[in-house]
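Here is a sequence together with a model predicted from it:
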Amino acid sequence: MGRRHARVPESAARALGWIGPAGSDAVYELLDALKHQDPKVREAAAWSLGKMGAKARSAVAGLTEASRDSVAAVAKGAKKALKLVQ
């Protein structure tokens, strides 16, 4: 993937968060994004799940796992998202 397109997954994950609860049809895609190799994508996915609130309750297990991510920003974002989805 070219440098210009490297941020597409991160931007897509973040855009779903701006949609909020109405974007909850994408919870499973965001759960996949929590396992992406790029920590910026993982962080964006966690943020977006948090923005979906209770509509993303099915993401609790994935966010719990992400809260133990080796990248501090990802772990912090997942912990914050967990509070918002429960």
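Noted; the coordinates are in hand. Numbers count the residues shown, from 1 in each chain.

Could you say which helix or strand holds Leu30?
Assigned by DSSP states H and E, Leu30 falls within helix 27-33.

host element of the residue positioned nearest the centre of the chain?
A centroid search over the chain (CA atoms, centre = their mean) returns Ala45, at 1.5 Å, as the residue closest to the centre. Per DSSP H and E, Ala45 falls inside helix 39-51.

which helices and strands does that helix pack with?
Contacts defined by 3 or more CB pairs under 8 Å, 6 or more residues apart in numbering; DSSP states H and E place helix 39-51 against helix 8-19, helix 27-33, helix 60-66, helix 72-85. Just so you know, the C-beta spots here come from the backbone N, C-alpha and C atoms, and that holds for glycine as well.

mind giving me a markdown table with these and columns for distance to Ala54?
Output for those, formatted as a markdown table (distance: least, CB to CB, whole Å):
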| stretch | distance to Ala54 |
| --- | --- |
| helix 8-19 | 15 |
| helix 27-33 | 11 |
| helix 60-66 | 11 |
| helix 72-85 | 6 |
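
orientation of the helix holding Ala45 relative to helix 8-19 in degrees?
Interaxial angle of helix 39-51 relative to helix 8-19 (axes from the mean of the first three to the mean of the last three CA atoms, to 10 degrees): 10 degrees.

How many residues are close by Ser67?
17 (other CB atoms under 10 Å).
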